[in-house]
Each structure stands twice: as C-alpha cells, then as structure tokens.
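> Please find the sequence and the predicted model below.
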Amino acid sequence: MSRSLAPTALMLGNVVTGLAIMSPTGMLGDLAKGLGVSVYQAGLLITFGAAVLCVGSPMMTWLTSRIDRRLLLAGTMLVVGVCHLALMAAPDYAALLAVRLVMLAIAALFTPIAAGTASQIVPEARRAGTIVYVFLGWSLAFAFGMPVITFTAAHVGWRETLGGIGALALVVAVLIAIFLPKGLVGASVDLRTWLALARNRMVLLLLSITTLQIAGQFAVFAYLAPLLTRIGGATPEIISLSFMIYGVCGFLGNLFAMRIVGPFGPFRTSVFFMMSLLAGSMLWTLGAGLATLWVLLAASVPWGFGFAAMNSMQQARLVAAAPASANASVALNTSVLYVGQAIGSGLGGAFFAREQIHGNGYAAVAFIALALVVLWRTRPVIAAATVSAAPAE
C-alpha cells in the first residue's frame, strides 16, 4: 500500500517545489510594495533564483547521488518548509533574497531526484506514465497554487502566503518519509557520467529544447501579473483567474499526455504540445498588440495546455535516451530549465523596465519557434533508434 502511494508523495513534493520556486511570480506587486522595491527588483527574486537552481541542480545531484532517496527527498522538503517560515519573518529585501537563494540551492535537487526515483519504483512499462504523473505536481502548483498565492497575497498578505507554503512543505516531508520505500539509491554520478551525457547527441538536443522553450515561456510568464495590469488593466481577481486558466489547462494537458504518450510515443506527443505552446505565445502577442484583456486570457488556454506536458515529455525522453544516467540527465534538464528561466525572465524584465511591454510576446514566439525547429531535428534520431530498439515512437 505504502509503495503504491509513493508516486503521489513525490507528485505532492513537486507541488511544493513549484510553489516555492514560482511564488514571487504571483505576488510581484505585493512583494515590491511590502519590501519598498520596484517590480523589476522583485522580479530579480526569480532571475537570481533561477541562476542558483541552474548550478545547484547538477551539483546537488552529484553530491547526493548515493544518499538514500527517502532521506534525501524528505530532508529537502523539511529544508524548504523551515526556510519558508524564515522568509515569512524576513525584515527586508536583502534578507528575503538571501534566505530564498539558500532554500533554492537545496530545493534544486527535488525534481530531478524525484524523476529518477519514480523510474526506480515502477516497472519499465509504466515508467513514462509514472514520470508524467509525478510532474503533474507542477501542473497542480500552477492550476490551484498560483491563483491562491495571488489572491491570498493581495487580500491576506505575502508573509502569510509564504508561511502557508512552508507548512505544506513540512506535511509533504512527513508523507514522503512514510510512503517512499527504504534503501533506494541512485546510480553513482561521477565525471564519466557527465562526459557520457556530453557525447550523447540526443541528450544535448533535448537539453537545448528545454532551454529555448522555457526561455520563451518566462519572457512573459515571470511578469504575467504586472503585464496583465499594464496592458489590460487587470485586477488581482482577473490575474488569479489567468493563473487558474493557465494552471487548469496545464493540468488537463498533463492528463492528456498520460493518455496519448503510449499509443503516439514521446516524440509525436512532444510536437503536439510544442505547437500548443507556440499557438499560445502567438495569441498572447496578438492580445498585447490589441491591448485586449480577453485575448490575453484566451492565450492562457493553449499556452497552459502545453507547458506542463511539454516539460513532462522532456523528462521522459531524457530517461529513455540515457536510462543508466537518469538522475544526472534529468538534473541537467532541470539545470538548463533554470537557465531558460534566467534568460527569459531577465529579457522579459529588461523589456518591462524599459516600457517595451510588447517585446515580451515577440521574444516568447521567437524562442518557442526555435525550440520547435530543434525538436523536429530529434525525429530522425528517434526513428533510427526505434528500428533497432523498441517501437516507442
């Protein structure tokens, strides 16, 4: 019974990780006002955090590769919980930034280790579906967590909101300690592991896809709340609705991915969801140009439908591309994901600070379109691999 609930505990850990990483996005205005800084400075909590996550994910995976997965993952949630309680009491911007960066350096290992652990606790035939299920936690964080964060930060307070995330993290730490089996360890990660991945063409292409499509998404998403306010005059309730549409569609997209990845294969499924991302970014750019709020909200539907499923497909394809190095390859994917966040949020912040708010949408379209081109380049490799390996595609 406890083993069957282990994927759910890991999925809830991704909920907390998603909320911990993305919480400033939903409360930028409230943080800026409460800390006495500009919206751009508050946005640096995302950009600097992404830089820490980028370095922390592969480094922490390397340092902890032989530690029991249950102890490691439960301990990570414990640190996230305690740090959020400290964030709640931060006296100023500098203190909040410092504690957040420490917290993110530890939280960086949860998602890649959870993906590798999920692949260990189920049969190979269920591996892709289980990884998608575990990453459903990120969809739930966006679908329900982000709207709640936006609403409670505006109406209750950003400090109380951060405290709530901390309390949730402590609960999930207990659940992981209870349900995850003992004695699970990852494959040893050393220099040879990284070198082998660096020579794997498929892995490199998949990593570049992640970087590009995440950069495109975060050129807009990191500043979604102030952009909606500036372009369409959105209220906190409308901003919460936008996050909810985005997240609910992401949740549904991930469920749909779980249903179609078996018959259609990870490559075709990835193409479908990347096209959904591109459609959403193009619709957003159109809405920004027209300064029409309902078009901006409508863009959240295809954009949200694609974002979580695309990330899940990337994880599943990386595990398939290098099964023996799953922890390391997924850690690298998490690292370049945060490289994409840093690039996208940094570029988006520069546009926003210079009042060039339409540039965010154009940057998103360009990055996601380029990601689609690179994604298509993986097709011949996958097709060749399936001739000699398995009918996965």
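Perfect, I can see it now. Numbers count the residues shown, from 1 in each chain.

> The strand or helix carrying residue 146: which residues count as buried?
Using DSSP states H and E, residue 146 sits within helix 146-155. By neighbour count on 16 or more other Cβ atoms under 10 Å, the buried set for helix 146-155 is 146, 147, 148, 149, 150, 151, 152, 153, 154. To be clear about C-beta, it is placed using only N, CA and C from the backbone, and glycine gets the same treatment.

> Can I get those residues in TSV including distance to residue 166?
Formatted as TSV, the buried residues of helix 146-155 follow (distance: Cβ to Cβ, whole Å):
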residue	distance to residue 166
146	17
147	19
148	15
149	13
150	18
151	18
152	14
153	14
154	19
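
> if we can go back for a sec, tell me the angle whatever helix or strand comes next after the helix holding residue 146 makes with helix 146-155.
Note on helix 146-155: by DSSP H and E, the next helix or strand toward the C-terminus is helix 158-179. Put simply, helix 158-179 runs at 140 degrees to helix 146-155, going by axes from the mean of the first three to the mean of the last three Cα atoms, to 10 degrees.

> In terms of secondary structure, what does helix 158-179 contact?
helix 6-26, helix 28-35, helix 69-88, helix 146-155 (3 or more Cβ pairs under 8 Å, 6 or more residues apart in numbering; DSSP states H and E).

> what residue ranges in the stretch 101-250 of the chain are flagged as low confidence?
186-191 (pLDDT under 70).

> Which parts of the stretch 201-350 of the chain are helices?
Ranges of helices in the stretch 201-350 of the chain, per DSSP state H, counting those that start in this stretch, are 201-221, 224-232, 236-290, 293-321, 326-353.

> Redo these as a markdown table? Include distance to residue 47 and mean neighbour count.
Output for the helices of the stretch 201-350 of the chain, formatted as a markdown table (distance: least, Cβ to Cβ, whole Å; neighbours: other Cβ atoms under 10 Å):
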| stretch | distance to residue 47 | mean neighbour count |
| --- | --- | --- |
| helix 201-221 | 9 | 24 |
| helix 224-232 | 14 | 22 |
| helix 236-290 | 20 | 21 |
| helix 293-321 | 19 | 25 |
| helix 326-353 | 5 | 25 |
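
> surely residue 144 meets residue 247?
Yes. Residue 144 is within contact range of residue 247, at 6.5 Å (criterion: Cβ atoms under 8 Å).

> Okay, now the unreliable bits of the stretch 251-393 of the chain?
Looking at the stretch 251-393 of the chain by pLDDT under 70, you get 326-327, 380-393.

> Fine by me, thanks again.
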